[in-house]
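Undergrad: Give me the fold of what follows.
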Amino acid sequence: MLLLVMAEFLSFTALIPVHGVNQFITHFSRAAVSFRNINYRISLQFAIGAAIGAIAGSNYVLQISEELFKILLGLFVLFSLFLPKFRTIKPIPGKWSIIGAITSFCGLFVGATGILIAPFFVNEGLDKEKLVATKAACQVFIHGSKVTAFFFLGFVLGPYLLLIIMMGIMSFLGSLTAKHLLSKIHERHFLLLFKIVIIALALRLTGIGLYRWQWTG
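TA: Residues are numbered from 1 along each chain as shown. Below is the predicted model:
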């Protein structure tokens, strides 16, 4: 939703890095107010992969069709969400480092990657507080590595500094409000709503990709 609004005012070349800075601030504030609930085993493994993914992706940024990438990303999210039905699949060693690398790589092209990693947190069996806090910590590493990559690619944030500061302040206030509301939501209702939002966003992402691919293909 944030990307769609920002796309009305920013050019494509500025959209991803400016959005990345805002998301770094947003998730950092969310992780900071809930740091006691972070699963550090997951987040530290994820951080290693995120650094590797950003380094690899910086060599290909803006060279992949955005439309095709959205289609594949949306379908992958839907597949990942329903994967737990196949219980014969064994856990993959270093799973969170692999997820971190893939997500960080993807983040350089599509900006919003929360939808990509969300199904894996649902499948991990974390309670709602740990799910939100750990996912936020992982996304700190995603957006931090992405912003660093764009910095080395020559993007200048100066003209957007005031916008970033104002968005950062509001993001922090939003995190405080959400933390308070989260404690009032029943666990089962939270996970159901979480899955519904993921499915809706994935279907929307795939639909937009197909529509734009049709007109540009």
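Undergrad: drop to CA atoms for contacts and neighbour counts, all remaining ones
TA: Fine.
Undergrad: Pull out the buried residues from the strand or helix carrying L108.
TA: Using DSSP states H and E, L108 sits within helix 95-110. For helix 95-110, a neighbour-count test (16 or more other Cα atoms under 10 Å) marks 96-110 as buried.
Undergrad: next structured bit after that helix?
TA: Downstream of helix 95-110 (by DSSP H and E), the next one is helix 114-123.
Undergrad: Can you give me the distance of C138 to L205?
TA: 22 Å (Cα to Cα, to the nearest Å).
Undergrad: Please verify my assumption that A56 contacts C106.
TA: No: in this structure A56 lies outside contact range of C106 using Cα atoms under 8 Å: 10.3 Å.
Undergrad: which residues of the protein score low on pLDDT?
TA: 1, 3-5, 7-8, 12, 61-70, 72-73, 76-77, 80-91, 110-112, 215-217 (pLDDT under 70).
Undergrad: Hmm, N22 and V140 touching each other?
TA: No: taking contacts as Cα under 8 Å, V140 lies outside contact range of N22: 10.5 Å.
Undergrad: could you pull out the helices for this protein?
TA: 2-7, 12-33, 40-57, 66-82, 95-110, 114-123, 128-152, 161-182, 187-216 (DSSP state H).
Undergrad: can you tell me which residues contact S175?
TA: Applying Cα atoms under 8 Å, 6 or more residues apart in numbering, we find S175 in contact with T26, S29, R30, V33.
Undergrad: ok, and the closest non-adjacent residue to the second one?
TA: Looking back up the chat, that one is S29. Distances taken as Cα to Cα, 6 or more residues apart in numbering put F172 closest to S29, at 5.5 Å, once the chain neighbours are dropped.
Undergrad: follow-up on the earlier one: tell me the one of the buried residues of helix 95-110 nearest L157?
TA: L108 (15.9 Å; Cα to Cα).
Undergrad: Distance of the closest one relative to C138?
TA: On the measure of Cα to Cα, L108 and C138 end up 15 Å apart.
Undergrad: now E124
TA: For E124 relative to C138 (Cα to Cα), the value is 14 Å.
Undergrad: Please apply the same query to I199.
TA: For I199, the distance to C138 - Cα to Cα - is 21 Å.
Undergrad: now swap in L191 and tell me
TA: Counting by Cα to Cα, the gap from L191 to C138 is 19 Å.
Undergrad: of these two, who's got more company?
TA: Legend: neighbour count by other Cα atoms under 10 Å for L191 and C138, higher for C138 (28 against 16).
Undergrad: so that one makes contact with A47?
TA: Yes: between C138 and A47 there is a contact at 6.7 Å, judged by Cα under 8 Å.
Undergrad: Quickly list what's touching both of these two.
TA: G100.
Undergrad: Which residues belonging to stretch 40-48 are considered buried?
TA: Here stretch 40-48 shows I42, S43, L44, Q45, F46, A47, I48 as buried, counting by 16+ other Cα under 10 Å.
Undergrad: Right, I'll leave it there.
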